[in-house]
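Participant: Have a look at this prediction, sequence included:
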Amino acid sequence: MKELSPSRTAGPRRVPVPAALLAAVLLAGCSDAGARSGGGEPELGPVDVNPATASLSLPMDAYMDTEADALRMGRVQEGLVARCMARYGFTYEGVTAVERTPAGAAEDRHAYLFGLADPARAAAHGYDKTAGVGKPAKPPSPKLSDSAYTVLHGEPPGGGQGGRQAPDALNEEDASRLDSGIEVGGRKVPAGGCGREGYRRLYAPTKDSVDLLFPFGLSGEAHDRSKGDSRVVDVLRRWSACMDKSGYTGIKTPYEVVEKLGLQSDLGGAKAVSAAKADVACKREVNLVGIWYAVEKAYQQRLVEENAETLALYKRQRDARFKLAASVG
């Protein structure tokens, strides 16, 4: 029932590189600069060589929650739901998500943005993203009486309502004026129940609330645009050629390695580790992460500028959410 933000970091270190590779990097960053203004391909800033993904910082990061933020806001949302349930005499403990990043470890939010990129992880775990971080068990849903279920979800178990959709609202401002038509213990249940009320209070309190997923949409759009950029197309071609020489033929992008090689059933096995090591080595040979990161950053910056007004509103609302979280949590 929870509607949490999808789970959502030091400049890159420059290292000595062979002259041929450095020339390719400079070429990728500087050619046809004039043609990349306006609606064409954007000009790039400095292109770092094989930066660690943990060092990458993208413009949209400023608008998206870290894993720690998302977990904290999830707890606050559950607290708001519990307060709502208490108005009807029900105790609600909710469910608690488990943090995947080990305690004390820095979050690497872009670890797989361009496919597997860490040589050490490739050698140790292949393509198994969960190795070393654990797989948190899905918490059981709390057991509820029929009345408590109705208050939580805004409809009786099984739906009810004579087959009609239970009323709901996109924001709390509208919900305050909407009659759900449902009563429990002589009190009207909020539209969508306490579950939706907790979400709306945190993420959509007013009509001008910007959709929680707006920044994620822009981030996805920038990534899609970057895939068609000539500089990314070129580095992918060179990475693919390197993979061909390593014995892994016909693979065009890092996102299809697992499927093309049939590694789904054993992501951390010997075959997967061998492929992962070749994959990362080829990325480093052509500086895939450095070039693609520079391109993606440029497209994100363009979208940030094009959507400056909405993003500014989103940031103010996000700051307000954090203040509310501090007062509730």
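Facilitator: Received the coordinates, thanks.

Participant: following the helix or strand of the chain with the lowest mean pLDDT, which helix or strand comes up?
Facilitator: Ranked by mean pLDDT, DSSP states H and E, the weakest helix or strand in the chain is helix 19-30, scoring a mean of 37. Later in the chain than helix 19-30, the nearest helix or strand by DSSP states H and E is helix 67-86.

Participant: Send me that next one as PDB with only the CA atoms.
Facilitator: Output of helix 67-86 as PDB, limited to C-alpha atoms (Å, rounded to 0.1, in the frame of the first residue of the first chain):
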ATOM      1  CA  GLU A  67      18.500   5.700  -0.400                       C
ATOM      2  CA  ALA A  68      18.800   7.100   3.100                       C
ATOM      3  CA  ASP A  69      16.400   9.900   2.300                       C
ATOM      4  CA  ALA A  70      13.900   7.500   0.800                       C
ATOM      5  CA  LEU A  71      14.000   5.200   3.800                       C
ATOM      6  CA  ARG A  72      13.600   8.100   6.200                       C
ATOM      7  CA  MET A  73      10.600   9.500   4.200                       C
ATOM      8  CA  GLY A  74       9.100   6.000   4.100                       C
ATOM      9  CA  ARG A  75       9.200   5.900   7.900                       C
ATOM     10  CA  VAL A  76       7.600   9.300   8.100                       C
ATOM     11  CA  GLN A  77       4.900   8.300   5.700                       C
ATOM     12  CA  GLU A  78       4.100   5.300   7.800                       C
ATOM     13  CA  GLY A  79       4.000   7.500  10.800                       C
ATOM     14  CA  LEU A  80       1.400   9.800   9.100                       C
ATOM     15  CA  VAL A  81      -0.600   6.700   8.300                       C
ATOM     16  CA  ALA A  82      -0.400   5.500  11.900                       C
ATOM     17  CA  ARG A  83      -1.600   8.900  13.100                       C
ATOM     18  CA  CYS A  84      -4.600   8.800  10.800                       C
ATOM     19  CA  MET A  85      -5.400   5.200  11.800                       C
ATOM     20  CA  ALA A  86      -5.300   6.300  15.500                       C
END
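
Participant: following it, which helix or strand shows up next?
Facilitator: According to DSSP H and E, the helix or strand after helix 67-86 is helix 119-125.

Participant: Please save the CA atoms from the following helix or strand past that next one in PDB.
Facilitator: Moving toward the C-terminus from helix 119-125, the next helix or strand (DSSP H and E) is helix 146-153. What follows is helix 146-153 as a C-alpha-only set of coordinates in PDB (Å, rounded to 0.1, in the frame of the first residue of the first chain):
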ATOM      1  CA  ASP A 146     -12.300  -5.600   8.300                       C
ATOM      2  CA  SER A 147     -12.900  -2.100   9.800                       C
ATOM      3  CA  ALA A 148      -9.200  -1.300  10.100                       C
ATOM      4  CA  TYR A 149      -8.700  -2.500   6.500                       C
ATOM      5  CA  THR A 150     -11.500  -0.100   5.300                       C
ATOM      6  CA  VAL A 151      -9.900   2.800   7.100                       C
ATOM      7  CA  LEU A 152      -6.500   2.000   5.800                       C
ATOM      8  CA  HIS A 153      -7.500   1.500   2.100                       C
END
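
Participant: Please compute how far helix 146-153 lies from its chain's middle.
Facilitator: 31 Å (Cα atoms, centre = their mean, to the nearest Å).

Participant: what does stretch 274-282 give?
Facilitator: The answer for stretch 274-282 is 25 Å, by Cα atoms, centre = their mean.

Participant: Residues contacting it, please?
Facilitator: 115-119, 122-123, 125-127, 239, 242-243, 246-248, 254, 257, 261, 263, 288 (Cβ atoms under 8 Å, 6 or more residues apart in numbering). Where you see a C-beta, it was placed from the backbone N, CA and C, and this is true even at glycine.
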